[in-house]
Structure formats: C-alpha cells, structure tokens
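> Please find the sequence and the predicted model below.
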Amino acid sequence: MVHAIRIHQTGGPEQLHWDEVDPGSPGPGQARVRHGAVGVNYIDTYHRTGLYPLPLPAGIGMEGAGVVTEVGPDVPDLKAGDRVAYAGGPPGSYAEERVMPADRLVKLPDGINDKQAAGMMLRGMTVQYLLESTFPVKRGQTILVHAAAGGVGLILCQWAKHIGATVIGTVGSEEKAKLARANGCDHPILYKTDDFTKAVKDITGGEGVPVVYDGVGKDTFSGSLDCLSPRGMMVLFGAASGPVPPFDLSLLASKGSLFITRPTLFTYTAKRPDLLASAESLFKVVTGGAVKIDIGQEFPLKDAAEAHRALEGRRTTGSTILIP
C-alpha cells in the first residue's frame with residue numbers, strides 16, 4: 001500500500017487528507033508510475049474547493065514526474081524503468097504511486113530531472129501553446145504578462161524574451177519585480193501601487209499591446225482590455241483571483257474590435273501528437289538553456305495543505321512541488 005492526498009469533501013486546505021491507497025496494477029493502455037516529484041497548480045485548488053467538481057472521494061493533482069514501474073497490455077512505447085512526466089488528467093498526482101493512461105506520459109530527456117519536470121510540465125506546455133499557438137508572438141512585439149513572477153509567468157517571460165519580444169509584467173512586490181526582471185521581464189509593474197493600464201500605455205507610447213496573457217482573472221480583466229491595441233487579443237487562461245463576471249460583448253467592439261479566448265492546455269494537447277510536439281518544444285528551450293525552471297518552494301507530499309495555503313496566499317514564486 002502507498003499513500004496519497006485525497007479529498008472526501010470540498011472546502012479549504014484542511015480537506016486534504018493523507019490516505020493509504022492501493023493504486024492497483026495497470027490495465028490495457030496504462031502504466032504505473034512511482035513519483036519522484038509532483039507539481040502544484042492553481043487548478044488543484046479549484047478541484048479542492050469544488051469550483052471544478054470531482055466525484056468524491058477523489059485524488060487531486062494534475063502533474064508529476066517519476067519512473068514507470070509496470071506497464072499493462074497494449075503499451076508499445078513504454079517499459080519499466082523509463083523516466084516519464086505528465087501534465088493533465090486524470091486528477092490524482094498527489095500520490096506516491098499511481099496508474100496513468102500511458103498515452104498521457106512523455107519520456108523525459110536525460111538533461112531534465114524529476115523536480116524540474118514536476119515544476120515545468122503543466123506550466124511549460126501552457127506557455128508553449130500560449131506563445132506558439134494561441135497568439136504566436138513575433139520578434140519585436142511588446143506583450144503584457146500578468147503574475148510575471150509566478151510559475152507560468154517566469155517561464156513565459158523567459159520564453160518570450162528568447163523569441164525577441166519586449167515583456168511588460170505585473171507583480172505584487174519589489175522582490176517579485178526583481179525576480180521577474182531577472183527572468184526576462186523588461187518592465188515589471190507593481191500592480192498594488194501602480195495603475196498597470198496607465199503604465200502599459202506609457203511604455204508603449206499610447207499604442208497598447210497586441211496581446212495580454214492573463215491567468216489572474218477577475219482583478220485584472222477589465223484593465224487588461226484597456227491595455228490592448230485595436231484588434232488585440234485577450235488570452236484569459238486562468239482565474240487566480242476568481243472568475244470574470246459576465247460582461248456585454250459589445251464592449252469588445254467599443255474598445256477596438258478586440259478578440260478574447262479562454263484556452264486550456266487540455267484542449268491543445270488532447271491528441272497525442274500535439275502533446276508530444278508541445279513537450280518537445282518545451283524540452284528544447286529548457287535543455288538549450290533559454291528557459292530555466294525556478295523551483296521556488298518544496299513541501300513534503302503529506303504537507304500538501306501547507307502548499308495550498310502558500311499558493312492561495314500569493315506567498316509563492318516560480319513553481320511549487322511536492323516530494324513523496
């Protein structure tokens with residue numbers, strides 16, 4: 001028997017319980033994975049609170065890295081001993097071991113360890129689709145990134161800088177501003193004391209930006225629309241401050257024929273060829289040194305509640321991981 005963090009009812013971090021579980025043996029198309037590290041992401045808090053409901057009791061967690069210990073029938077491209085990582089469903093990565101659909105696992109290159117992988121797969125592949133698919137950023141463009149010192153933000157700033165973009169980023173403190181700047185953010189803005197919309201207009205000479213990458217949601221949404229140049233794109237990929245309230249779509253017309261999208265990693269990597277291509281693009285920029293993965297916090301797996309408190313309290317920088 002092994003242990004896993006599970007929820008028996010929705011609510012606060014206190015609902016995360018350290019349970020003894022039996023993952024079982026892998027069936028057709030499955031593999032059993034022993035985790036070396038597990039990623040913590042905001043979507044985990046949505047599952048815990050019930051914002052994204054799960055049938056209870058349930059394991060949570062969408063990201064992990066480790067080694068394959070056993071494969072079931074009809075798994076042609078994996079074997080016991082392979083180092084793998086994943087990001088995406090089904091939930092349940094907060095576990096010492098688990099059984100996974102084999103077609104959701106990606107083999108890790110030798111240059112990336114378990115901690116790096118657990119801190120980068122979901123965030124890094126999110127950045128990959130944001131920058132290369134949702135709105136393909138080109139050299140010379142100026143972009144706005146909210147929560148620039150967060151797990152996604154730090155990777156996004158580095159990757160965008162590698163492409164050749166100028167990066168404006170919002171942060172919550174001087175310490176986070178320094179961190180964002182060190183990771184490619186040209187213009188950190190302290191959103192708690194400065195009007196980020198005015199700052200963006202000042203930086204861009206009144207033109208605004210062609211794209212805003214916003215994982216914050218409610219608190220930044222309205223101001224973000226005012227940062228966009230005509231026909232700009234609002235990319236809302238998260239809701240750390242809460243969901244955006246309903247609004248009149250004619251607002252997009254009045255602000256310059258704006259576009260808006262609410263993408264998810266799960267849509268962009270639903271097909272295995274797309275998953276492999278996304279992971280390969282991520283591995284390339286990491287092993288090549290263009291993107292460094294900042295593991296800001298580590299917690300023992302059994303202390304996942306403390307990790308959630310830190311994440312929701314905005315006391316984290318970079319990626320947060322759990323160690324079984």
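Received the coordinates, thanks. These numbers were taken from a predicted model, which means no experiment stands behind them. Residues are numbered from 1 along each chain as shown.
> Residue 302 and residue 9, how far apart?
Applying Cβ to Cβ, to the nearest Å, the value for residue 302 to residue 9 is 19 Å. Placement of C-beta: from N, CA and C, glycine included.
> of those two, who's got more company?
Remark: of residue 302 and residue 9, residue 302 carries more neighbours, 18 against 10, as counted by other Cβ atoms under 10 Å.
> residues contacting that one?
Residue 302 makes contacts with 3, 5, 18, as judged by Cβ atoms under 8 Å, 6 or more residues apart in numbering.
> Figure out the helix or strand that the first one lives in.
By that I understand residue 3. strand 2-7 (DSSP states H and E).
> How far does that strand sit from its chain's centre?
Shown here is strand 2-7, whose average C-alpha point lies 22 Å from the average C-alpha point of the whole chain (Cα atoms, centre = their mean, to the nearest Å).
> Which strands and helices lie in contact with it?
Counting contacts by 3 or more Cβ pairs under 8 Å, 6 or more residues apart in numbering; DSSP states H and E, strand 2-7 is packed against strand 16-21, strand 58-59.
> which of these is buried the deepest?
With neighbours defined as mean count of other Cβ atoms under 10 Å, these peak in mean count at strand 58-59, which reaches a mean of 18.
> ok, the next helix or strand after that strand: who's next to it in the sheet?
The helix or strand immediately downstream of strand 58-59 is strand 63-71, counting by DSSP H and E. Under the criterion DSSP bridges, strand 63-71 sits next to strand 30-40 (antiparallel), strand 83-87 (antiparallel) in its sheet.
> Including mean pLDDT, could those go into JSON lines?
Formatted as JSON lines, the strands paired with strand 63-71 follow (pLDDT from 0 to 100):
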{"stretch": "strand 30-40", "mean pLDDT": "97"}
{"stretch": "strand 83-87", "mean pLDDT": "97"}
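> what's the closest of those to residue 265?
With distances scored as Cβ to Cβ, the stretch of these nearest to residue 265 is strand 83-87 (6.7 Å).
> For the closest one, which residues meet the burial criterion?
83, 84, 85, 86, 87 (16 or more other Cβ atoms under 10 Å).
> so what secondary structure elements neighbour the helix or strand hosting residue 222?
Residue 222 belongs to helix 221-227 when elements are defined using DSSP H and E. Other helices and strands packing on helix 221-227, by 3+ Cβ pairs under 8 Å, 6+ apart, are helix 196-203, strand 209-214, strand 228-236.
> and the angle from the second one to strand 228-236?
The reference is to strand 209-214. Relative orientation of strand 209-214 with respect to strand 228-236: 20 degrees, computed using axes from the mean of the first three to the mean of the last three Cα atoms, to 10 degrees.
> now strand 209-214 against helix 196-203, angle please.
Counting by the same axes, to 10 degrees, strand 209-214 points 150 degrees away from the direction of helix 196-203.
> So what are the sheet partners of strand 209-214 and their directions?
Partners of strand 209-214 in its sheet, by DSSP bridges: strand 142-145 (parallel), strand 228-236 (parallel).
> Can you say which of those strands is packed in most?
Highest mean neighbour count among the strands paired with strand 209-214 (mean count of other Cβ under 10 Å): strand 142-145, with a mean of 27.
> out of the helices and strands packed on strand 2-7, nearest to residue 313?
Checking those against residue 313 by Cβ to Cβ gives strand 16-21 as the closest, at 15.4 Å.
> thinking again about what came up before, give me the contacts around the strand holding residue 3.
The set of residues external to strand 2-7 that reach it, using Cβ under 8 Å, 6+ apart, is 15-23, 47-48, 54, 56-61, 92, 94-98, 301-302, 304.
> Find the centremost residue of the chain, please.
By Cα atoms, centre = their mean, the mean C-alpha position of the chain lies nearest to residue 123, the distance being 3.1 Å.
> does that residue count as helix, strand or coil?
helix (DSSP: H, G, I helix; E, B strand; the rest coil).
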